[in-house]
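> no sequence on this one, just coordinates:
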Ligand code: DLL
């Protein structure tokens, strides 16, 4: 454990949260006109927050609110106190911009140090950081945390896979940090290049996040690299990576002394009890430049408060299976890309490299899954491929309750991503289409 608070009695954590929540609510109410208006409309004043249950009385904040106040409208400090700015890529509409004071950088570095501590990363380690450096928070978040725990960090960023492998081998990397899809791609290229993975690399742990990964993909990465899999979860609006991290016992602990999580019913906005699945909402309680009240992440998960073998008392969240806006509705049935991935990892002969193509045929939606087969099955010829296609279609129907058409493609033909994988091509018209 990096910080004793991670294992403190619940009452202590909750007392700290309440104090910090009240300070944050006062701060945003008095400094940001947007929040004052929202609080007033909701009929709540920060001074009325008496318990953590009062959090449910505060207004939500959405990505649209950040966009409406582009770029710095929700910041609570003058720009001379801002030391870092990050931003989303803004592929759909204006980018969302986030800012950090010196104090916020300290919080971020602290929660990233806690993340690394999940695998005991320290001075003895070399961290190969292949998260993208730049406006994306992955690269720099993992960078500062690594320095904090005293490891040597190699800031390789994404891309240039062959060179990355060379550096990992020659510099003796013990820790890999990147998206799960990129880690898979690196293992494929390593084999192609003739590396003997277990002999040539010294990796012992990987910190994977920024996108969902099915159990099958996790296992594939553990097997391919011979490492333990530590999950990293976070989002720029809250801080970046470092909002929650997986412990060696597989629980994803939320650093709730800084970010208070809630799960709500996405339709009604009502808070759901622990154990029920819904949309994850976060309130930051220590951030200065951009504190955020009840931010709707659109990530679907479940919270649990139960003792963990690792000794942490922090609330845990289930791994995020997908974002509500990544969920496809195909002829009325909800489908997450990670469910498709799960089927692929169960069936021998395929790889977890896939694209889901949704289109309309008349009034009906048509779902096609393009899947790369592995080299052996590809070499087995047409009979084996036909059988595999049938098997996959049957499994999809069984698991997803939809008729998906499977198109098997040659190994290494689907585009690889250096960061977050792009899994969906939705060709349908807007109405009835992707939510
Ligand atoms: O992806 C921060 C990050 C970087 C997290 C590196 C972990 C590692 P954004 O680009 O703002 O920030 O995207 C945030 O990514 O709302 C989730 O939908 C998704 N996401 C992040 N971590 C996970 C995860 C970074 N472990 C969005 N599992 C979030 C599933 C994840 N989805």
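Perfect, I can see it now. Since the structure is predicted, the reported quantities are computational estimates derived from the model, not experimental observations.

> Those residues of the stretch 201-350 of the chain touching the ligand, which are they?
Residues of the stretch 201-350 of the chain lying close to the ligand by Cβ under 6 Å from any ligand atom are 209-212, 231-236, 240-241, 297, 299, 319-320, 323. Glycine gets a C-beta too; all of them are placed from N, C-alpha and C.

> try 5 Å
Proximity of the stretch 201-350 of the chain to the ligand, by Cβ under 5 Å from any ligand atom, involves residues 209-210, 212, 232-236, 241, 297, 299, 320, 323.

> So which of those residues belong to strands?
Of those, the ones assigned to strands by DSSP state E are 209, 232-235, 241, 297, 299.

> List buried residues within these.
Applying 16 or more other Cβ atoms under 10 Å to those, the neighbour count classes 209, 232-235, 241, 297, 299 as buried.

> can you pull the contacts of the closest residue to the ligand within the stretch 301-435 of the chain?
As assessed by Cβ to the nearest ligand atom, the ligand sits closest to residue 320 within the stretch 301-435 of the chain, at 3.8 Å. Residue 320 makes contact with 212, 233, 280, 299-301 under the criterion Cβ atoms under 8 Å, 6 or more residues apart in numbering.

> Which SSE is immediately downstream of the one helix or strand residue 109 maps to?
Per DSSP states H and E, residue 109 falls inside helix 102-117. Downstream of helix 102-117, the next assigned helix or strand under DSSP H and E is strand 126-129.

> Tell me the helices and strands packed up against that following strand.
The contact analysis (3 or more Cβ pairs under 8 Å, 6 or more residues apart in numbering; DSSP states H and E) places strand 126-129 against helix 137-148, strand 152-154, helix 161-170, strand 175-178.

> Would you mind pulling the contact partners of the second one?
Read it as strand 152-154. With contact meaning Cβ under 8 Å, 6+ apart, strand 152-154 is reached by 125-129, 142-143, 146-147, 167-168, 171, 173.

> Widest-spaced pair of the residues you listed?
The distance between the two most remote of the contacts of strand 152-154 (Cβ to Cβ) is 18.7 Å, for 147 and 168.

> So which of the two has more stuff around it?
More crowded of residue 147 and residue 168, by other Cβ atoms under 10 Å: residue 168, with 24 against 14.

> doesn't residue 203 make contact with that one?
Yes - Residue 168 lies in contact with residue 203 (Cβ atoms under 8 Å); the separation is 7.4 Å.

> Can you pull the residues that touch both of the two?
residue 176.

> so how far is stretch 281-301 from its chain's centroid?
How far stretch 281-301 lies from its chain's middle: 14 Å, per Cα atoms, centre = their mean, to the nearest Å.

> before we move on, what about stretch 400-420?
The chain centre lies 21 Å from the centre of stretch 400-420; the measure is Cα atoms, centre = their mean.

> likewise stretch 52-61?
Here the centre of stretch 52-61 is set off from its chain's centre by 24 Å, with Cα atoms, centre = their mean.

> hmm, back to that, mind picking the one among the residues of the stretch 201-350 of the chain next to the ligand that's closest to residue 252?
residue 233 (6.1 Å).

> helix or strand for the nearest residue to that closest one once chain neighbours are set aside, which one?
Nearest non-adjacent residue to residue 233, counting by Cβ to Cβ, 6 or more residues apart in numbering: residue 244, 4.2 Å away. Taking DSSP H and E as the definition, residue 244 sits inside strand 240-246.

> Give me the angle between that strand and helix 137-148.
Strand 240-246 runs at 70 degrees relative to helix 137-148, counting by axes from the mean of the first three to the mean of the last three Cα atoms, to 10 degrees.

> How about this protein: which residue is closest to the ligand?
For the chain, Cβ to the nearest ligand atom, closest residue to the ligand: residue 209, 3.0 Å.

> Identify the residue nearest that residue in space, chain neighbours excluded?
Counting by Cβ to Cβ, 6+ apart, residue 232 is the residue found nearest to residue 209 once chain neighbours are left out, at 3.3 Å.

> quick one: pLDDT of the one you found?
For residue 232, the pLDDT comes out at 98.
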